[in-house]
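In: Sequence first, then the predicted structure:
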Amino acid sequence: MPMFTHLQQRALLTLARGAISAAVLRSRVTATPPEDDAFTRPLGVFVTLKQRGELRGCIGFPEAHVPLREAVTQAAVSAALRDPRFPPVAARELDSLRLEISVLSPLAAAAPEEVVVGTHGLVIEHEQARGLLLPQVPVEWGWDRETFLRQICRKAGLPPDAWQRGARLFTFTAEVFSEEETPEPAAE
């Protein structure tokens, strides 16, 4: 059962888009989420930006430190302006961006055989290295469990078999929704 209603999802997407637009255009944020207890809970979140179906930015917080509404705003702005893999989003790109939000469950320690592709996201930790892949990533790339485990190691800058040699694994689930899948409600 989803954590959020369609209207709550839409409100979070609108909040994220408003924060990105305000940051890129250097204006005041105009979108504020409605008063809703669901937005005051601290939850981990990632905001993914896509442009013409390709990744354009993705930043988030795997663990909850601030209320969801603040985390969404911070992650959205960071995905647009601070993802080190991409240049900052320019004003001319705003209309072509498509947003996706992933609200994360708490992390749970897991053994490799417990990882379920299509259900779990992964975090791996070893010494100072840490990496995270959202649950939708292995599905989009057609990975099996072992490939997923090797790729999370790669993401953390670890050898591909670190998951077999003492690295700690954590799983999480995510409620994922996007502008394409959560359209504006029809006018009455």
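Out: Cool, got the structure.
In: what does stretch 126-136 contact?
Out: With contact meaning C-beta atoms under 8 Å, 6 or more residues apart in numbering, stretch 126-136 is reached by 46, 48, 58, 62, 102, 118-124, 148, 151-158, 162, 166-168, 172-174, 176. Where C-beta positions appear, they are placed from N, C-alpha and C, glycine not excepted.
In: S178: neighbour count?
Out: 17 (other C-beta atoms under 10 Å).
In: Contacts only, for the closest residue to it other than its chain neighbours.
Out: Spatially, and ignoring its direct neighbours in sequence, S178 is nearest to E100 (4.0 Å; C-beta to C-beta, 6 or more residues apart in numbering). By C-beta under 8 Å, 6+ apart, E100 lies in contact with V47, T48, L49, K50, V176, F177, S178, E179.
In: among those, who's most crowded?
Out: Going by other C-beta under 10 Å, V47 tops the contacts of E100 with 29 neighbours.
In: hang on, the earlier thing: starting from the helix or strand that contains the residue nearest to S178, tell me which strands it pairs with and how they run.
Out: In this assignment (DSSP states H and E), E100 forms part of strand 97-104. Its sheet considered, strand 97-104 pairs with strand 44-51 (antiparallel), strand 174-178 (antiparallel) by DSSP bridges.
In: No more questions from me, cheers.
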